[in-house]
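Trainee: my questions concern the predicted model and sequence given below.
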Amino acid sequence: MKIEEQIDILIQQVHAERQGEIDFYQQKIASLSISDKKKAGYTWYPVDITKSGFAIGDFSFVQVEIPAPKAHQFRSGHMVRLYSLLEGEGAEMMGSIKFVTRQRMRIFFRQGHLPDWLHKGMIGVDLLFDERTFDEMERALKVVKSIDKGPVANLKKVFFGNEAPQLNQYSYQNIKLNDSQNFAIGSMLGNKELSIIHGPPGTGKTTTLVAVIQSLIKNKERILVCAASNSATDLMTLRMKEKGVNVVRVGNITRIDEGIIDSTLDAKVANHPDSKRIKKIKIEAEQSRKLAQKYKRNFDANARMERKQLYQTASELKAWAAQLEERVVGQILEDADVITTTLVGAANSLLHQQSFTCLLIDEAAQALEPACWIPIVKAQKVIMAGDPLQLPPTIKSTKAQKLGMGITQMERLMKKHPDAVNLLNTQYRMNDAIMQFSNAYFYNGELQSGDGVGEAKLANDSFTALEFIDTAGCGFEEKKEDQNYSKYNPDEFNILREHLYQSLANNVIENHHSIGIISPYKKQVLWMQDDYKVDEQLEGLDITIDTIDAFQGQERDVIYISLVRSNEKGEIGFLKDYRRLNVALTRAKKKLVVVGDSATIGLDKFFSSFIDYVEKSGSYRSAWEFMV
């Protein structure tokens with residue numbers, strides 16, 4: 001297939017997924033009443049305006065709060081509508097969320113002033129369908145399609161055509177790294193167009209990437225680091241900052257803490273010597289604009305002239321502030337060792353004139369290929385890092401899935417150019433009993449444990465580091481929440497919790513151990529979280545309860561997994577997503593406890609293999625041992 005035809009298929013994928021998102025928004029959100037939107041977490045109403053002001057460029061911001069914390073669907077980077085019911089139709093502003101907690105949200109608007117109705121009450125915030133991501137993906141693909149010379153044209157031939165990447169192995173040695181990490185870094189430094197780092201769980205992928213970035217900086221390369229999510233981008237930013245890299249984080253960030261805040265472009269501009277001067281000019285411009293607006297329709301020639309002069313003054317001050325700010329931003333970006341942003345964030349207007357010798361895409365196995373091309377058009381060579389055997393990207397459209405959108409660029413290129421792939425083969429997280437099932441099933445037995453890691457277990461544990469608690473025959477049928485069809489199993493959680501009680505009583509699990517309790521089903525997670533909140537026996541412990549997806553990239557001393565499914569038909573639903581289960585099974589360092597119904601899950605090949613493995617290498621136990 002010709003290169004242009006392959007790009008056209010990617011554009012078709014974007015169109016299909018865009019329509020899928022539109023259909024989802026219209027069916028799930030747009031048709032709801034305000035009351036139903038509030039219950040579902042798509043609307044905050046009423047809100048209080050607690051702060052407002054100006055930001056970088058021609059932006060303003062508003063901070064809103066609701067009276068009490070609550071669960072919601074808002075996320076950093078989402079588009080929202082801020083509106084007034086008091087002022088009526090048309091009293092609204094579209095913006096994007098800068099950061100959000102369970103009670104507070106800061107929204108940025110692409111305009112230099114804020115309307116008066118903001119402070120009159122009856123203000124609400126709606127989640128919007130955001131087409132910007134699809135616009136940027138399609139725009140990037142059309143640019144790629146049109147380019148016929150230069151670095152991007154070379155990358156097209158390697159990524160879509162028949163040309164092989166130029167592979168050169170540099171000699172690199174860091175005594176703090178293992179052989180596979182050193183070899184991978186040597187490849188990344190030597191390869192011309194493409195390097196791929198396959199990093200299974202616990203193999204030090206981020207450590208390896210930071211080390212190669214430090215070497216690239218010494219080679220005077222200009223580096224852009226991207227990831228599909230804000231959280232992954234923030235983590236890379238934090239790790240580089242800890243190593244003394246002058247890193248600038250552009251775009252929305254998911255958390256505001258001391259570890260990353262001073263690396264953001266916002267903070268660097270705010271701390272610049274010219275910042276106070278720019279802010280003062282912006283305030284003066286806004287004051288002149290407000291004075292001009294105070295004139296009514298009927299006024300004399302002198303008043304008309306004065307209003308005109310005030311508007312002109314506001315315009316000139318605004319332009320002056322923008323010029324000063326553009327110079328400051330340009331200087332900060334030019335002086336940076338590394339710029340970090342999300343894949344879509346690479347389309348930020350502040351980066352339009354920027355080009356890079358090297359682009360590094362982290363968590364590339366979770367990134368849609370059309371999104372990857374947004375930063376690739378700015379680069380000469382590409383490094384991709386991730387694990388295609390963990391969580392895939394989320395796709396809503398069945399049509400887009402059929403067009404191949406579920407196959408990531410990293411997966412495709414690993415098959416196309418296997419010589420460009422470097423596997424990190426030494427893990428530093430898990431006891432061997434925990435590691436070996438995933439190692440055999442997903443990684444062809446190629447993983448090994450670092451010194452001492454494979455034998456590490458809880459000091460007073462009389463069982464192996466892996467346990468499976470079988471609820472078969474106990475009558476613990478799964479339940480279904482009618483509203484969204486999510487499954488949950490309260491009885492299964494009771495068994496899980498009794499195991500935890502006994503482990504605490506016998507000093508197998510101690511107060512200093514970190515504990516994760518995870519499930520593939522959101523309703524089960526919510527059920528477990530609610531029970532945990534009122535459980536005095538677990539008070540003061542370091543326990544996190546969340547979905548499997550939320551745990552990607554994390555680890556705990558002890559992990560409990562609640563599989564939930566228990567039914568006569570042997571239906572296991574999306575437990576068939578084995579990559580998701582791979583994530584779940586590889587989060588624990590010293591103890592992994594899986595709770596499930598073998599009569600239900602054991603009909604599936606994957607789980608049958610897992611149960612066989614536990615019987616040979618782990619500890620197989622019955623739920624009857626924990627029924628009190």
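Mentor: Yep, that arrived. Residues are numbered from 1 along each chain as shown.

Trainee: could you check how far the closest residue in space to residue 475 that isn't next to it in sequence is from residue 474?
Mentor: Distance criterion Cβ to Cβ, 6 or more residues apart in numbering; nearest residue to residue 475, sequence neighbours excluded, is residue 491 at 7.8 Å. C-betas here are computed from N, CA, C, even on glycine. Look at residue 491 and residue 474: by Cβ to Cβ, to the nearest Å, they are 7 Å apart.

Trainee: do the same with residue 365
Mentor: Residue 365 is 37 Å from residue 474, by Cβ to Cβ.

Trainee: okay, the two: which has more neighbours?
Mentor: Comparing residue 365 with residue 474 by other Cβ atoms under 10 Å, the one with more neighbours is residue 365, at 26 against 18.

Trainee: tell me what the residue nearest to the more buried one when sequence neighbours are not counted is bridged to.
Mentor: What sits nearest to residue 365 in space, not counting adjacent residues and going by Cβ to Cβ, 6+ apart, is residue 386, at 3.6 Å. Note on residue 386: beta-bridge partners residue 198, judged by DSSP bridges.

Trainee: could I get the contacting residues of residue 386?
Mentor: By Cβ atoms under 8 Å, 6 or more residues apart in numbering, residue 386 lies in contact with 197, 198, 199, 205, 361, 362, 363, 364, 365, 366, 367, 410.

Trainee: now the last one: which helix or strand?
Mentor: Same thing as residue 410. Assigned by DSSP states H and E, residue 410 falls within helix 409-416.

Trainee: and the next element down the chain from that helix?
Mentor: For helix 409-416, the following helix or strand on the C-terminal side (DSSP H and E) is strand 421-423.

Trainee: just name whatever secondary elements that next one is in contact with.
Mentor: helix 179-190, strand 194-198 (3 or more Cβ pairs under 8 Å, 6 or more residues apart in numbering; DSSP states H and E).

Trainee: would you list the phi and psi of residue 131?
Mentor: phi -90, psi 0 (degrees, to the nearest 10).

Trainee: ok, it touching residue 18?
Mentor: Yes - counting by Cβ atoms under 8 Å, residue 18 is a contact partner of residue 131 at 6.7 Å.

Trainee: which one's more surrounded, the two?
Mentor: Shown here are residue 131 and residue 18; by other Cβ under 10 Å, residue 18 has more neighbours (20 against 13).

Trainee: that one reaches residue 134, doesn't it?
Mentor: Yes - counting by Cβ under 8 Å, residue 18 does reach residue 134; the two are 4.2 Å apart.

Trainee: report the contact partners of the nearest residue to residue 289 once chain neighbours are set aside.
Mentor: Leaving out its chain neighbours, the residue that sits closest to residue 289 by Cβ to Cβ, 6+ apart is residue 314, at 4.2 Å. Counting by Cβ under 8 Å, 6+ apart, residue 314 touches 285, 286, 288, 289, 292.

Trainee: out of these, who has the most neighbours?
Mentor: With neighbours defined as other Cβ under 10 Å, the most crowded of those is residue 285; it has 23 neighbours.

Trainee: so what touches the strand or helix carrying that residue?
Mentor: Counting by DSSP H and E, the secondary-structure element that holds residue 285 is helix 275-293. Contact with helix 275-293 is made by 54, 112-113, 269, 307, 310-311, 313-315, 317-318, 320-321, 324-325, 328, as judged by Cβ under 8 Å, 6+ apart.

Trainee: same question, stretch 569-586
Mentor: Identification of contacts with stretch 569-586 by Cβ under 8 Å, 6+ apart yields 200-202, 388-392, 429-430, 434-435, 437-438, 441-442, 487, 518, 520, 548-549, 551-552, 559, 561, 563, 565, 592, 594, 599-601, 603-604, 606-607.

Trainee: quickly list what residue 515 is bridged to.
Mentor: The partner residues for residue 515, given DSSP bridges, come to residue 543, residue 558.

Trainee: I figured residue 544 hits residue 557, correct?
Mentor: No - using Cβ under 8 Å, residue 544 makes no contact with residue 557, being 11.5 Å away.

Trainee: now for this structure, the helix or strand with the poorest mean pLDDT.
Mentor: helix 275-293 (a mean of 76; mean pLDDT, DSSP states H and E).

Trainee: circling back: out of the helices and strands packed on strand 421-423, the one nearest residue 228 is which?
Mentor: Residue 228 lies closest to strand 194-198 among these, at 15.8 Å (Cβ to Cβ).

Trainee: which strands and helices lie in contact with that closest one?
Mentor: Strand 194-198 packs on helix 151-159, helix 179-190, helix 205-218, strand 379-386, helix 409-416, strand 421-423, going by 3+ Cβ pairs under 8 Å, 6+ apart.

Trainee: switch the ones you listed over to JSON lines; also include distance to residue 40 and mean pLDDT.
Mentor: Output for the helices and strands packed on strand 194-198, formatted as JSON lines (distance: least, Cβ to Cβ, whole Å; pLDDT from 0 to 100):
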{"stretch": "helix 151-159", "distance to residue 40": "41", "mean pLDDT": "96"}
{"stretch": "helix 179-190", "distance to residue 40": "45", "mean pLDDT": "97"}
{"stretch": "helix 205-218", "distance to residue 40": "36", "mean pLDDT": "97"}
{"stretch": "strand 379-386", "distance to residue 40": "32", "mean pLDDT": "97"}
{"stretch": "helix 409-416", "distance to residue 40": "34", "mean pLDDT": "98"}
{"stretch": "strand 421-423", "distance to residue 40": "43", "mean pLDDT": "98"}
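
Trainee: just name the most buried of the ones you listed.
Mentor: Among those, ranked by average contacts under mean count of other Cβ atoms under 10 Å, first place goes to strand 379-386 (a mean of 24).
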